[in-house]
Each structure stands twice: as C-alpha cells, then as structure tokens.
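Student: 3D, please:
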Amino acid sequence: MYQETKRPFISLDLGTSNILAYVSGQGIVYNQPSLMAYDVNTNNLIAIGEDAYDMVGKTSDNIRIITPLIDGVIADLDAAKDLLKHIFNRLKMMNFWKNSIVVLACPSGVTELERDALKMVAKDMGADLVVIEEEVKMAAIGAGINIELPNGHLVVDIGGGTTDIAILSAGEVVISKSVKVAGNYFNQEILKYVRSEYNMSIGAITSENIKKNLGSLVQYPNERSMQIYGRDIISGLPKEAKVSSEEIRNILLSAFSKITDLVIEILEEIPPELAGDIMKNGMVICGGGALIRNIDKYFFDIFQLPCKIAAEPLGCVIDGTKAYEKIIVKRVNEGVYDASQDTYLKKLS
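Tutor: Numbering: from 1, shown residues only. I've put the predicted structure just below:
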C-alpha cells in the first residue's frame, strides 16, 4: 500500500491536433500542436509543436512531418516518446517523471493494446503509476459537471481526431461511443470539396483556416466569403478562388449527421431514469469542434435539449485532469491503486 506522500503528478491530453501537459504545482506547462519535423537523411528531430506546424506543406522532400497520434491513437510509438522527452527536456522538467503518478486522457474507442502502448510511453519516461481515463470523462469534469452525483449528463467532446459522446452518472461513464469524425475530418472534407468544385488543390493549413473563418451549422447574420489560394490541378499553376459560408456549412452539416446519429444511438440505449436526467440537464459540448458557429443551436434544433458550450472547450480535458488529481492521489494513498497491478483498480470489498 502507498504511504501518504507528496509525489509528482503529471497529466497529459494526448490529442490528435494538440498536446497539453499539466504538472502539479507548475500548471499547464505545454500546449502546442502534436507535430514533429524530422530530417530524412539524419533522422534528427528539427522542430516540434508550433515550429513544426509552421512548416506543414512548405518543406522539401528532405524533411518529413510526423503526427505521432492519429485519431487519438499512438501511430508512431518512437515518435511519441521523442515528443514527450523533447517537451520535458525543453522545459527542464524530466526529473518530474521519476516516481510520478501520471493520468493519460484517451478516446473511449482506444483498445487495450493501444492503452498498453500509452502506458509504455509514460513508464519509459520514469512514471511509477499510470492511470488511463476516457477523455470525455475528464472533459465533463473540466466543463464543471459534478459527475460524482447519481445524475445523468450527456457530454459531446469534438476533438481533432475523434468525437466522443458519453452519458455519465455516479462518477463513471455509463455508456460511451466514439466516431472518427472530428476536426481533421472536417478539414479533409473541405479540402475535397475545393478540389472537386474549383479544380484546385489546397493545403491542410488553408483548409483549417476556412473552417475557422467560415464554419457554421446554422445560418447567421452578415455571412461572408473568403479568398483562398492554391494550385490548379489541371495546369499546375497558382490559383485563387472565393468560397462562401453557405458552401462550408453544407459540408459541415453532412459531416455532423454522423455525430448526431451516434447521439441518437446512445440516447436509445439508456434507461428511462437517465433519459429524464438528460431532458433536464441537457447536453454539454466540449473540444475544438465546440467553437464552430451556432453548434449549440444546431443540436437544440435536432434534440430539443438544453445545449451548453463549455466555458473553455479547448482546455476541458486537461482542466478535468487537474481537478481529478485530488481523487487519484487520495486513491493512491488509500491503496486503491496498486503499482504491482499497474493501472488496474483493486476491487473494493
């Protein structure tokens, strides 16, 4: 059993688009894109985070850009280790990992093998105990929901790689589902539309900017258009075009139909008492996707439920892990978590 002692606490939101790191006593120490740039010839890491993001679509064949996490899952284990080591080396915080308690937030659809890979990364960094929790549960806490009460809450967390939807009550996830329709998927759909409609190839950064500037799910006053630049797919020459808010809204509505279908699936599976709670408490929307214009009105029009956008949608998951620190440390000190059983929770008698 663990003796009560002050041990380092680290939590990580390993997102497809961004990585956030929290260290107890230090606050959020890192919040940057989860990208890395390598020199192909030497295999040396030359840029991470914002520096690597600025290089996307603008490098020679001698530089490759890697995303260690794709759709919320570690796609390149070595790159993920490299990324964490460089982050904490840069911050001069590698010593915080030794004998630390680490909470990793991951999508609900992650398999046991993928969870083991996540644990391995943290263990190799020096962590003593690794606790993996669902992102949507941490997002709910970060959004200010008291999930410990026996009261049902519906949370929709629209991230970069996945959208996680869950019903939470009495401290746990009652039911959750995940779909790989989120920020990156929206970007790809915009990219494909521009290619087919305007015979024009644009990059990932341009697609992201279109989504941020024009994206909406319900018509709004003073809608506008945006001039975009790319390459003509026939002539190969530089080209410009103008896209409208309405065009982008139609793309997003088509993509969002997959998310609403999943919400319906979940609502159809819950007990009547929880359905009554959801009717009263409504829906909380988290993640970067919550920033799309009129997303709350869109969901309200479909489900006729009160819809609330979290105060800090981009930081909900990491804020949730910060609040969760007290619960984890208490459980560790009480011996509920056993290091010999890695992250597994002992059954309470």
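Student: Please give the centre-to-centre distance between the helix or strand where residue 330 lies and its chain.
Tutor: Using DSSP states H and E, residue 330 sits within helix 316-333. Mean-position distance between helix 316-333 and its chain equals 18 Å (C-alpha atoms, centre = their mean, to the nearest Å).
Student: quick one: the closest residue to residue 76 other than its chain neighbours from residue 29, how far?
Tutor: Nearest residue to residue 76 in three dimensions, chain neighbours excluded: residue 68, at 4.9 Å (C-beta to C-beta, 6 or more residues apart in numbering). Any C-beta I mention is one placed from the backbone N, CA and C, and that applies to glycine too. As for residue 68, its distance to residue 29 is 18 Å (criterion: C-beta to C-beta, to the nearest Å).
Student: more neighbours, those two?
Tutor: Remark: of residue 68 and residue 29, residue 68 carries more neighbours, 23 against 16, as counted by other C-beta atoms under 10 Å.
Student: now the helices for the stretch 101-250 of the chain?
Tutor: Secondary structure of the stretch 101-250 of the chain by DSSP state H, counting those that start in this stretch: the helices cover 112-124, 135-142, 183-198, 204-214, 245-269.
Student: hmm, what's the outermost residue in the chain?
Tutor: Within the chain, the residue lying farthest from the chain centre (C-alpha atoms, centre = their mean) is residue 235, at 38.3 Å.
Student: quick one: it and residue 228, what's the gap?
Tutor: For residue 235, the distance to residue 228 - C-beta to C-beta - is 17 Å.
Student: and residue 313, how far is that from residue 171?
Tutor: Distance from residue 313 to residue 171, by C-beta to C-beta: 23 Å.
Student: quick one: which of those two has more around it?
Tutor: Legend: neighbour count by other C-beta under 10 Å for residue 313 and residue 171, higher for residue 313 (22 against 12).
Student: Domains in the protein, by residue range?
Tutor: 9-138+315-341, 140-181+257-314, 183-250 (automatic domain parsing).
Student: Make TSV out of these and add mean pLDDT.
Tutor: Formatted as TSV, these follow (pLDDT from 0 to 100):
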stretch	mean pLDDT
domain 9-138+315-341	84
domain 140-181+257-314	94
domain 183-250	96
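Student: Any chance of the backbone angles for the residue farthest from the centre of the chain?
Tutor: phi -90, psi -20 (degrees, to the nearest 10).
Student: What is the subsequent helix or strand relative to the helix or strand where residue 65 lies?
Tutor: Residue 65 is part of strand 63-66 when elements are defined by DSSP H and E. Sequence order places strand 69-70 as the next helix or strand after strand 63-66, per DSSP H and E.
Student: Now tell me what touches that next one from outside.
Tutor: Residues outside strand 69-70 that contact it (C-beta atoms under 8 Å, 6 or more residues apart in numbering) are 14-16, 19, 34, 75, 80, 161.
Student: Return the member of the residues you listed nearest to residue 88.
Tutor: Using C-beta to C-beta, residue 19 is the member of the contacts of strand 69-70 that sits closest to residue 88, with 11.4 Å.
Student: in stretch 124-131, what counts as buried?
Tutor: Using 16 or more other C-beta atoms under 10 Å as the burial criterion, the residues of stretch 124-131 that qualify are 125-131.
Student: scratch that, stretch 203-216 is what I was asking about
Tutor: Buried-residue list, stretch 203-216, by 16+ other C-beta under 10 Å: 204, 206-211, 214-216.
Student: Stretch 236-249 now?
Tutor: So stretch 236-249, judged by 16+ other C-beta under 10 Å, has buried residues 239, 241, 243, 245, 247-249.
Student: Is it possible to get the residues you listed out as TSV so that each row also shows distance to residue 144?
Tutor: Output for these, formatted as TSV (distance: C-beta to C-beta, whole Å):
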residue	distance to residue 144
239	47
241	42
243	36
245	31
247	36
248	31
249	30
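Student: With respect to residue 9, which of those residues is nearest?
Tutor: Of the buried residues of stretch 236-249, the one sitting nearest to residue 9 (C-beta to C-beta) turns out to be residue 248, at 41.4 Å.
Student: which ones are touching that closest one?
Tutor: Taking C-beta under 8 Å, 6+ apart, we find residue 248 in contact with 190, 210-211, 214-216.
Student: so where does residue 38 fall, helix or strand?
Tutor: strand 36-39.
Student: what residues does that strand touch?
Tutor: 44-48, 51-52, 55, 59, 62-68, 79, 82-83.
Student: 7 Å instead, please
Tutor: If you take C-beta atoms under 7 Å, 6 or more residues apart in numbering as the criterion, strand 36-39 is touched by 44-48, 52, 55, 62-66, 68, 79, 82-83.
Student: Tell me the buried residues within these.
Tutor: 45, 47-48, 52, 63, 65-66, 68, 79, 82-83.
Student: Make JSON lines out of those residues and add distance to residue 320.
Tutor: JSON lines is the format used below for the buried ones among the contacts of strand 36-39 (distance: C-beta to C-beta, whole Å):
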{"residue": "45", "distance to residue 320": "30"}
{"residue": "47", "distance to residue 320": "30"}
{"residue": "48", "distance to residue 320": "25"}
{"residue": "52", "distance to residue 320": "27"}
{"residue": "63", "distance to residue 320": "36"}
{"residue": "65", "distance to residue 320": "30"}
{"residue": "66", "distance to residue 320": "28"}
{"residue": "68", "distance to residue 320": "22"}
{"residue": "79", "distance to residue 320": "26"}
{"residue": "82", "distance to residue 320": "27"}
{"residue": "83", "distance to residue 320": "22"}
